[in-house]
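>>> no FASTA, just this:
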């Protein structure tokens, strides 16, 4: 299993709305690196759900429910979506400030590639963030 991080601005699509919907496709990705990360996801992979711009914290965990397919919101063949379902809410949200303050996470994509909306997370980074979030 691989781990990921997906970003959403809470005023556009919050964790709470995601939980209420119980399922969504991740659309609107218009960056090739982020798109390639969507294409690399496999059913069952887990992704941290990060509230960007407002809150700036990891608030939940999503599970890949369906691997990539053509983005239904555009006719451009370059763009894809992945289906996600909510998996778990993080007990204690993990802020960007907390992540940046932890030297073990200095190489995390969230720190190095802050604007990338879909990012890989290493096994070690996953475990550390899970600890910080009270999940281990």
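Cool, the structure landed. Computed from a prediction, not measured in an experiment: that's the story for all the values here.
>>> quick one, strands of this protein?
Assigned by DSSP state E, the chain shows strands spanning 3-8, 24-25, 46-51, 57-70, 80-95, 118-121.
>>> ranking these by burial, who's on top?
When you average the neighbours per residue for each of the strands of the chain (mean count of other CB atoms under 10 Å), strand 46-51 leads with a mean of 24. Any C-beta I mention is one placed from the backbone N, CA and C, and that applies to glycine too.
>>> quick revisit: mind putting the strands of the chain into a markdown table with mean pLDDT?
Output for the strands of the chain, formatted as a markdown table (pLDDT from 0 to 100):
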| stretch | mean pLDDT |
| --- | --- |
| strand 3-8 | 98 |
| strand 24-25 | 98 |
| strand 46-51 | 98 |
| strand 57-70 | 98 |
| strand 80-95 | 98 |
| strand 118-121 | 98 |
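>>> nearest to residue 15, out of those?
strand 57-70 (4.5 Å; CB to CB).
>>> still on that earlier bit, out of the strands of the chain, flag the one nearest residue 35.
Nearest to residue 35, of the strands of the chain and by CB to CB, is strand 80-95 at 6.1 Å.
>>> who are the packing partners of the closest one?
With contacts taken as 3 or more CB pairs under 8 Å, 6 or more residues apart in numbering; DSSP states H and E, strand 80-95 sits against helix 15-21, strand 24-25, helix 32-40, strand 46-51, strand 57-70, helix 123-132.
>>> what angle do it and helix 32-40 make?
For strand 80-95 against helix 32-40, the angle by axes from the mean of the first three to the mean of the last three CA atoms, to 10 degrees is 100 degrees.
>>> next one: strand 80-95 to chain centre, how far?
How far strand 80-95 lies from its chain's middle: 6 Å, per CA atoms, centre = their mean, to the nearest Å.
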